[in-house]
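Colleague: Could you look at this predicted model? Sequence included:
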Amino acid sequence: MVTERQEHKATRHALDEIANWMRAPLVNEGINYSIARLSAFPVANSFLGGGDASIFTPSGHRGTLTSSVDGVGLLSQDFVNITTFPILFTFDLNAGTATGTWTDPVLNQTETVTITLEFNKIANDSNFGQFYIFNGDSSNDQAGYLVTFVLL
């Protein structure tokens, strides 16, 4: 059985790997992220999304990842029609958190979330690269999150 201490160690190691991927001299293409938000009620607040996170600002032990352009969220209320909307996430690799902002297209209200990331696993794909998968250990809302970084 994995202990909480081992989980924290694995999370720190994964965040180190992501930061090192982006450190100078940059020879890699960058990082993309995908996010899944599952909300119990209303279900309309659940979405899939993603974007670029290739702007790395070194600070502290690791640094932060951001994007110069908004990502895209995809939402379907009826499992047929899909609504797209902008999402913007910043990843603080020092704190192991993700902060996101978007305007819910159904409720027409701005939402902001801070998620504490907990490392889940690494997946490798020979065509697409390495995937670092994190679950949202906690967030300041009632939703569940899954965040994946794709190292390009």
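Modeller: Nice, thanks for sending it over.

Colleague: before we move on, what SS does Arg12 have?
Modeller: Here Arg12 is recorded as helix under DSSP: H, G, I helix; E, B strand; the rest coil.

Colleague: per-residue confidence for it?
Modeller: Arg12 is assigned a pLDDT of 96 by the prediction.

Colleague: Gly144 too?
Modeller: 91.

Colleague: Contact partners for it?
Modeller: 37-39, 135-136 (CB atoms under 8 Å, 6 or more residues apart in numbering). The C-beta positions use only the backbone N, C-alpha and C, and glycine is treated the same way.

Colleague: Provide the partner residues of it in its beta bridges.
Modeller: Counting by DSSP bridges, Gly144 forms beta bridges with Leu38.

Colleague: Could you measure from Ala24 over to Thr110?
Modeller: To Thr110, Ala24 is 35 Å away according to CB to CB, to the nearest Å.

Colleague: Check Val72 too.
Modeller: Note on Val72: its distance to Thr110, by CB to CB, is 17 Å.

Colleague: So if I had to pick from those two, which one is more boxed in?
Modeller: Val72 (15 against 9; other CB atoms under 10 Å).

Colleague: contact partners of the helix or strand hosting Gly50?
Modeller: Following DSSP states H and E, one finds Gly50 within strand 47-52. Applying CB under 8 Å, 6+ apart, the set of residues contacting strand 47-52 from outside is 30-37, 67-75, 87-89, 102.

Colleague: Can you name the residues that contact the residue lying closest to Asp137 once chain neighbours are set aside?
Modeller: In space, and not counting its chain neighbours, Asp137 is closest to Glu118: 3.8 Å by CB to CB, 6 or more residues apart in numbering. Under the criterion of CB under 8 Å, 6+ apart, the neighbours of Glu118 are 7, 11, 96, 134-137.
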